[in-house]
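Undergrad: no sequence on this one, just coordinates:
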């Protein structure tokens, strides 16, 4: 059985969502954040890099969302929610899985920049760079969701699941909202209605509370 | 035949390296950088997000290194340089493939911060955050390469190839050097001697010139 080491208000909620979508059993170990807002020392001790999520499967302790999702899908989920290399939308699946890494890297940069003084020309340069990238990425999402119901094609896949945090949780913490993008907004509403998503967010989402 | 749209001094050099490792044919289209140092308009027109690398395979135009590498390995390379889901080091392979995304996101943040005034408390906070993450990630690399010849296990894989740019090219542009980490340094020297790497860097590496 897989153990999800869940850090409160973090990207580990998407692994709970994945397990609920796949209807696989799991144990959840909850770690509250330290007063600083960062992960507590017990969470950092789980893994050398120790950013959420972290899972355990037997002797394997694994970090990185992208890696965890592929691992669970292919080792425990019979490939469900993935796209096989022989499918016509294999490249789309791979692209949108990796898109999240670039999207979140840029959003992290922008969230740090937000509090910096724009009088500093180096802040201005980073801001211009990241704003342009941000616009390109959100425009690409909007365009894609105008031609396809889901990111990798006509079916919901892990490529939707891995990107979703950026559209739902990051706006709660100063990230850009998606309200001005009609295709993306409609998609967010639609995916938010999935029973596995609703259940997972009640258990481990950004407003969920540690069980007593 | 795959076309690699190569942006000079960029991460698309790793796709040239991949093709040389797999001994697959490819066409290289070279795009010099604009005077600003950024990608020229013709490069940006290739793809909605348009960060290097970008490839074409028939009608498929694909961005994102991680996606491109998995695509080429599994569609054209018979899985060579990948690790199959049934192998014992599958989780290691997935982890170190994704590690690069976090590593480079953090290095990008640090390279922007380098020019900002540390008098700004928001710059100081971002710097502290990224410095700790940087240390953890490089320590993890150093530890891993003390127990294993390559990142995913005893054999060279795409997980080595995808991370290598951060150890070789980024230091030329202000990224951290790896000299103080003996295992990582020895690994960089060893991997740098691979004939496919030497050939690819001569064609498309950071000091290569556009062919006439």
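TA: Everything's here; your move. Fair warning: this is a prediction, and the values are worked out from it, not measured in the lab. Numbering: from 1, shown residues only, chains lettered A, B, ... in the order given.
Undergrad: where does residue A:212 land on pLDDT?
TA: pLDDT, residue A:212: 76.
Undergrad: now the strands for chain A?
TA: A:2-7, A:26-31, A:54-57, A:60-63 (DSSP state E).
Undergrad: note down every partner strand of the third one and its orientation.
TA: Taking DSSP bridges as the criterion, strand A:54-57 pairs within the sheet with strand A:2-7 (antiparallel), strand A:60-63 (antiparallel).
Undergrad: show me how far the shortest one is from its chain's centre.
TA: Its chain's C-alpha centre lies 17 Å from the corresponding centre of strand A:60-63 when counted by C-alpha atoms, centre = their mean, to the nearest Å.
Undergrad: pLDDT of it, averaged?
TA: For strand A:60-63, the per-residue pLDDT averages 97.
Undergrad: so what touches it?
TA: With contact meaning C-beta atoms under 8 Å, 6 or more residues apart in numbering or on different chains, strand A:60-63 is reached by A:46-47, A:49-51, A:53-56, A:68, A:71, B:91, B:94-95. Quick note: C-beta positions are derived from backbone N, CA and C, even for glycine.
Undergrad: could you rerun that using 10 Å?
TA: Around strand A:60-63, the neighbours that count as contacts under C-beta atoms under 10 Å, 6 or more residues apart in numbering or on different chains are A:2-3, A:5, A:46-56, A:68, A:71-72, A:75, B:88, B:90-92, B:94-95, B:98-99, B:102, B:140.
Undergrad: could you flag which of the residues you listed are buried?
TA: Neighbour-count burial (16 or more other C-beta atoms under 10 Å in any protein chain shown) applied to the contacts of strand A:60-63 gives A:2, A:5, A:46-56, A:68, A:71-72, A:75, B:90-92, B:94-95, B:98-99, B:102, B:140.
Undergrad: so where's chain A shaky on pLDDT?
TA: Nowhere does chain A drop to pLDDT under 70.
Undergrad: quick one: residues contacting the closest residue to residue A:175 other than its chain neighbours.
TA: Closest residue to residue A:175 apart from its sequence neighbours, by C-beta to C-beta, 6 or more residues apart in numbering or on different chains: residue A:107 at 5.4 Å. Each residue near residue A:107 by C-beta under 10 Å, 6+ apart is listed here: A:130, A:133-134, A:137, A:165-166, A:170-171, A:173-176, B:105.
Undergrad: can you tell me which of those end up in helices?
TA: A:130, A:133-134, A:137, A:165-166, B:105 (DSSP state H).
Undergrad: distance of residue A:102 from residue A:161?
TA: With distances taken as C-beta to C-beta, to the nearest Å, residue A:102 is found 17 Å from residue A:161.
Undergrad: if we can go back for a sec, quick check: the residue nearest to residue A:175 vs residue B:7, distance?
TA: 23 Å.
Undergrad: and if you look at residue A:152?
TA: In terms of C-beta to C-beta, residue A:152 sits 26 Å off from residue B:7.
Undergrad: what do you get for residue A:125?
TA: 19 Å.
Undergrad: the two - which one has more neighbours?
TA: Comparing residue A:125 with residue B:7 by other C-beta atoms under 10 Å in any protein chain shown, the one with more neighbours is residue B:7, at 25 against 13.
Undergrad: any idea how far the residue located most distally from the centre of chain A is from residue A:127?
TA: Distance to the chain centre peaks in chain A at residue A:119, reaching 32.7 Å (criterion: C-alpha atoms, centre = their mean). Going from residue A:119 to residue A:127 by C-beta to C-beta gives 12 Å.
Undergrad: same check on residue A:120?
TA: 10 Å.
Undergrad: buried stuff in stretch A:173-193?
TA: For stretch A:173-193, using 16+ other C-beta under 10 Å, the buried residues are A:175-176, A:178, A:181, A:183-185, A:187-188, A:191.
Undergrad: can you tell me which of those is closest to residue B:33?
TA: residue A:176 (28.0 Å; C-beta to C-beta).
Undergrad: please name the nearest non-neighbouring residue to the closest one.
TA: Residue A:176's closest residue in space is residue A:134 (C-beta to C-beta, 6+ apart), at 6.7 Å.
Undergrad: and the gap between the one you found and residue B:110?
TA: Counting by C-beta to C-beta, the gap from residue A:134 to residue B:110 is 20 Å.
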